[in-house]
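A.B. asks: sequence and predicted model, in that order:
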Amino acid sequence: MQLLIRTTRSVEMTPTGREFLSSAIRIVGDLQRSVQEVQDYTQLRRGRLRIAALPSLCTYLLPEAAAQFARQHEGISISIVDVMGDEVVERVTRRQVDFGIGYVSSTEMVSADPILTDRLVALGTTDFLGDDTSLKWNELAAMPIIAMSDGTTVRSLVERGCREAGIAPDFALEANQMPSAIAYARAGLGVAILPSSAVVGPAEDLRSVDLIAPQIERSLSVIRTRDNPISPPAAAFLKILRNLRAPPVAADRSGAQSGRE
């Protein structure tokens, strides 16, 4: 189709040319807006960040990281969902989140990059823990243990600690939710064994101490699918997260997050 009429003195558009110009202006405008949106996204002026994480991390670590991220990147909306370990991986593989944080190893589908390490601690009243700052695993043989239920990563680590210490644990109570384990310990029904990342906040009626000989640690990792490159907002958030450290487990820390792991 002829778009232009050329003479020795002028160039004019045909009716088809005028229609084409109108469409071309819209296309160029859309392209410019698309380029601007990508620039805004890569420069963290706009966008969205979605994270799935274990409940314990949503108590002390992720809120602080999210607050810093929000102050630095006001145009990025952020959402964090706290779920059990298996669901963290499921949401990652289904691309429902940009990345997850959990206790999992790398597989063919997902990569797991360690970001922090926490450990198991004993939580109980002074009747059980006295004034000591640490407790050996073999000393638990004489105590009723409050454990998380089967199928949780915490339970498997507790069983590992008992095996390595050569003791047959007395699981007096099992809890599906960490607040239940805390409540049992507060009532003096036994000693709860929980991850240090879940035990925050001072209280006068409970103490938490390190479990040693052996010290059982777990590496928490950033989980994402291998074929999914990390987004600029995710990279910025993880940079903040890596600069944060888990709070030390003091002798009077006793709060705990909700949920199972």
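C.D. replies: That came in fine, so what should we check first?

A.B. asks: tell me the domain ranges of this structure?
C.D. replies: By the assignment in automatic domain parsing, the chain contains the domains 47-116+220-256, 119-217.

A.B. asks: for those, which has the smallest mean pLDDT value?
C.D. replies: Sorting the domains of the chain by mean pLDDT places domain 47-116+220-256 lowest, at a mean of 86.

A.B. asks: and the longest helix for this structure?
C.D. replies: The longest helix of the chain (DSSP state H) is helix 15-42.

A.B. asks: packing partners of that helix?
C.D. replies: Judged by 3 or more C-beta pairs under 8 Å, 6 or more residues apart in numbering; DSSP states H and E, the packing partners of helix 15-42 are helix 232-243. Backbone N, C-alpha and C define where each C-beta goes, glycine included.

A.B. asks: out of the domains of the chain, nearest to Thr8?
C.D. replies: Shortest separation from Thr8 across the domains of the chain is recorded for domain 47-116+220-256, at 53.9 Å, computed as C-beta to C-beta.

A.B. asks: partner strands of the top strand by length along the chain and their direction?
C.D. replies: The longest strand of the chain (DSSP state E) is strand 110-124. Partners of strand 110-124 in the sheet, by DSSP bridges, are strand 191-195 (antiparallel), strand 207-212 (antiparallel), strand 217-225 (antiparallel).

A.B. asks: what comes up buried for that strand?
C.D. replies: 110-112, 115-116, 118-124 (16 or more other C-beta atoms under 10 Å).

A.B. asks: now, the most widely separated pair of those residues?
C.D. replies: Farthest pair in these, by C-beta to C-beta: Ser111 and Gly124, 38.0 Å.

A.B. asks: could you say which helix or strand holds the residue nearest to Phe171 when sequence neighbours are not counted?
C.D. replies: Spatial nearest neighbour of Phe171, excluding adjacent residues (C-beta to C-beta, 6 or more residues apart in numbering): Ala147 at 4.9 Å. Using DSSP states H and E, Ala147 falls within strand 145-148.

A.B. asks: noted, bye for now.
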